[in-house]
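In: need the 3D shape of this:
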Amino acid sequence: MVDAVLEPGAAAPSEPRFAPVSASYGRYALALLVAIYTVNFLDRQIITTIGESIKNDLRLTDTQMGALGGIYFAAVYTILGIPIARVADKHNRPWVMTISLTLWSGFTVASGLARNYAVLAFARAGVGIGEAGCSPTAHSLLADYFPAHRRATALAIYSMGISIGTLLGMAIGGIVAEHYGWRAAFMVAGAPGLVFALLAILTLREPRSQLNRDARAAANASNHIPLLVVFSTLEQRPTFWLFAMGGAFTSFVSYAHGQFFTPFFLRNHAHELTMLAGQFGMAPAPGKPPLGFISLALGLGAGIGGAFGSWLGGFLADRWGAKDVRNYALFPLLVPFVSLPVLWYAAGTDNMMLALVLLLIPNIGVGAWWGPVYGGVQGLVPPAMRALSAAVLLFVINMIGLGGGPTAFGMTTDAMTNHYLAGTGLDVQACKTALEAAKASCAVASARGIKTAVYLSTAIIPLAMLSFFLSRGTIMRDFENAEALPARPMTTSRLSVYMFVAGALPGAALANASSMFFATPPPMFWLQGLVAGGVVGVIAAVMIAGVGRRAQA
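Out: Residues are numbered from 1 along each chain as shown. Model (predicted):
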């Protein structure tokens, strides 16, 4: 990396010279963080597998299920990620990780105790509270445990926890739910996190503690970049935002498919799946759907394909990026050319064995951007901003991808189901209690609706490809200026505009989702949420600016 030339008046903190951990400890810490991230995604994604069971038991719509897997979790997860990351940038990161892990595991167990939609929504939001402290803290630790030329690979390996957790969540969730019910699945998923919390606090090292007194003082000083300077620095890194949008648009589709692919196959191909499950000795009980089989099959595809894609993306980013940093975006840009037509074919065929095998290819694409994006962003900013930068990155990716993907997909599925029910006197609300012939009509319309939503959702992928393509024109300059800080901090008014948007979007989405708790939803409730969220964002901006001014004084 070329040494950066600071802008006039800027002074970037130098890279803290930590006493390096041994190679063996680095591998252990990486393995433990992968295990923690696996539990993170196991607890987050298990609802995607058992969603159809929850929907039928609590008599919910696809819109309500999409909100459970999307906005209720994502809003608190993304918003709290930023202040928690600020704590991680200043204080003991293993403690932050341990507390977060304990919280999300406990709320996962609590999800299994829910008897109605409101309690389940609260518990899923609680899982988001805990998980907000995971990845920004882990990214920051790994950036200290590993040298710059190995960070993309280390973060890609860490990101394999997504694939492994998805695999375990779908396999464990489906099999446990089929035999013991969806509530037991939540409890089984939440328990391992408490064990890993103990390991984290006992064995994870805080690299800052290894500095001698003088070096520690210098490092602590470097960890106090004013927040307004942090935001101004990120504003001047276009690659950061292009990477964020590329990951967000890709996640929009992958989270939506992850939430609804099990219902898609069960609604459209239950007979074919039952026959195939019988060939593998996993035939369901008479009259029951093959939930365990399809969950295991999809989980294997997501786990194997995603893990391989994650490793390959990180490996190629480190290998190709050493020659030309523009190549960080090359693999995420090219993968959709192969994965999209394969996905369309797999969604349209009646050959379930072929469909499940073919889905390995788009699953490789799901993980292709993790290493390049997460590793690349860590090289775009000074060390003292790494956790906070990761949190802002995850805010954008998860608010749009995790919050928007399943939520929008559920709403689209209900809208398309209503479209196919036109003229029958039925809609998705009436289908909750439909019987006999009406129930059969609802099932046909629901199957067609979710299939149409699968195809429509893929129209988002070209936006991700465009974002990665544009980043190739900015990344070289941004890498060269990674250590540079702006001459002036961001103004309060400018930050207020950004924070208004950052608060208004989740506010509108949460209000829209929360309207489902009312027997008669208030008119234009989403608009009230938009205004309230925007006002909260502006208040937060003023508070941040006030803290920054006091710190400078």
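
In: which other residues reach stretch 185-193?
Out: 36, 39, 42-43, 46, 49-50, 101-102, 104-109, 111-112, 169, 172-173, 176-177 (Cβ atoms under 8 Å, 6 or more residues apart in numbering). C-beta coordinates here come from the backbone N, C-alpha and C atoms, glycine included.

In: inside strands: which ones of those?
Out: Among these, DSSP state E puts none in strands.

In: filter these down to the buried ones and hand me the ChimeraX line.
Out: Command for ChimeraX that selects the buried part of those, burial taken from 16 or more other Cβ atoms under 10 Å:
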select :36,39,42,43,46,49,50,101,102,104,105,106,107,108,109,111,112,169,172,173,176,177
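
In: tell me which residue is most central in the protein.
Out: N398 (4.8 Å; Cα atoms, centre = their mean).

In: can you tell me how far the residue nearest to that one when sequence neighbours are not counted is from E483?
Out: Spatially, and ignoring its direct neighbours in sequence, N398 is nearest to T78 (4.7 Å; Cβ to Cβ, 6 or more residues apart in numbering). According to Cβ to Cβ, to the nearest Å, T78 stands 27 Å off from E483.

In: which one's more surrounded, those two?
Out: Counted by other Cβ atoms under 10 Å, T78 and E483 do not tie: T78 has more neighbours, with 25 against 18.

In: helices or strands next to the helix or strand harbouring that one in the packing?
Out: Assigned by DSSP states H and E, T78 falls within helix 71-90. Counting contacts by 3 or more Cβ pairs under 8 Å, 6 or more residues apart in numbering; DSSP states H and E, helix 71-90 is packed against helix 93-111, helix 117-131, helix 135-145, helix 386-397, helix 492-514.

In: what angle sits between that helix and helix 93-111?
Out: 160 degrees (axes from the mean of the first three to the mean of the last three Cα atoms, to 10 degrees).

In: can you give the contact residues for helix 71-90?
Out: Contacts of helix 71-90 (Cβ under 8 Å, 6+ apart): 44, 96, 100, 121, 124-129, 131-133, 135-137, 140, 223-224, 227, 384-388, 390-392, 394-395, 398-399, 402-404, 407, 506, 509-510, 513.

In: check stretch 161-172 too.
Out: Contact with stretch 161-172 is made by 33-46, 48-49, 185, 188-189, 258, 262, 295-296, 298-300, 302-307, 309-310, 363, 367, 370, as judged by Cβ under 8 Å, 6+ apart.

In: tell me which helix or strand of the protein sits lowest on mean pLDDT?
Out: Every helix and strand of the chain was ranked by mean pLDDT, DSSP states H and E. The lowest is helix 213-222, at a mean of 50.

In: which residues touch A541?
Out: A541 touches T492, L495, S496, Y498, M499, F500, counting by Cβ under 8 Å, 6+ apart.

In: per-residue pLDDT of it, please?
Out: On the pLDDT scale, A541 is placed at 83.

In: buried stuff in the strand or helix carrying it?
Out: Assigned by DSSP H and E, A541 belongs to helix 525-552. Under the neighbour-count criterion of 16+ other Cβ under 10 Å, helix 525-552 has 525-526, 529-534, 536-538, 540-541, 544-545, 548 buried.

In: do the same with stretch 30-39
Out: Buried positions in stretch 30-39, judged by neighbour count with 16+ other Cβ under 10 Å: L30, L32, L33, V34, A35, I36, Y37, T38, V39.

In: so the longest helix anywhere in the chain versus helix 386-397, what angle?
Out: Longest helix in the chain, counting residues (DSSP state H): helix 238-279. Relative orientation of helix 238-279 and helix 386-397, computed by the same axes, to 10 degrees: 60 degrees.

In: next structured bit after helix 238-279?
Out: helix 291-321.

In: what helix or strand does P341 sit in?
Out: P341 belongs to helix 336-348, assigned by DSSP H and E.

In: hmm, who's touching that helix?
Out: With Cβ under 8 Å, 6+ apart as the criterion, helix 336-348 contacts 264, 354-356, 358-359, 361-362, 364-365, 451, 454-455, 458, 461-462, 464-465.

In: do the same with stretch 229-237
Out: Residues contacting stretch 229-237 (Cβ under 8 Å, 6+ apart): 225, 240-241, 380-382, 385, 388-389, 392, 478, 485-486, 488-490, 495, 498, 548.

In: please state the offset of it from the chain centre?
Out: Its chain's C-alpha centre lies 23 Å from the corresponding centre of stretch 229-237 when counted by Cα atoms, centre = their mean, to the nearest Å.

In: what are the buried residues along it?
Out: Neighbour-count burial for stretch 229-237 flags V229, V230, F231, S232, T233, L234, R237 (criterion: 16+ other Cβ under 10 Å).

In: in JSON lines: the residues you listed, plus distance to S22, secondary structure and pLDDT.
Out: Listed next are these as JSON lines, based on distance: Cβ to Cβ, whole Å; DSSP: H, G, I helix; E, B strand; the rest coil; pLDDT from 0 to 100:
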{"residue": "V229", "distance to S22": "35", "secondary structure": "helix", "pLDDT": "84"}
{"residue": "V230", "distance to S22": "32", "secondary structure": "helix", "pLDDT": "83"}
{"residue": "F231", "distance to S22": "36", "secondary structure": "helix", "pLDDT": "85"}
{"residue": "S232", "distance to S22": "38", "secondary structure": "helix", "pLDDT": "88"}
{"residue": "T233", "distance to S22": "33", "secondary structure": "helix", "pLDDT": "89"}
{"residue": "L234", "distance to S22": "33", "secondary structure": "helix", "pLDDT": "89"}
{"residue": "R237", "distance to S22": "33", "secondary structure": "coil", "pLDDT": "91"}
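
In: nearest to L194, out of the residues you listed: which one, please.
Out: Set against L194, the nearest of the buried residues of stretch 229-237 by Cβ to Cβ is V230 (33.7 Å).

In: pLDDT wise, what is N212 at?
Out: With respect to pLDDT, N212 scores 46.

In: can you list the weak-confidence ranges in the stretch 151-300 of the chain?
Out: Residues of the stretch 151-300 of the chain that meet the criterion pLDDT under 70 lie in 208-224.

In: one step back: dump the buried residues of stretch 229-237 to JSON lines, plus distance to A277.
Out: Shown next, in JSON lines, are the buried residues of stretch 229-237 (distance: Cβ to Cβ, whole Å):
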{"residue": "V229", "distance to A277": "57"}
{"residue": "V230", "distance to A277": "52"}
{"residue": "F231", "distance to A277": "52"}
{"residue": "S232", "distance to A277": "56"}
{"residue": "T233", "distance to A277": "53"}
{"residue": "L234", "distance to A277": "49"}
{"residue": "R237", "distance to A277": "49"}
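
In: which one of these is nearest to A440?
Out: The shortest approach to A440 among those belongs to L234, at 53.6 Å (Cβ to Cβ).

In: how far away is that closest one from A88?
Out: Taken as Cβ to Cβ, the span from L234 to A88 is 17 Å.

In: same question, A132
Out: Taking Cβ to Cβ, one finds A132 at 11 Å from A88.
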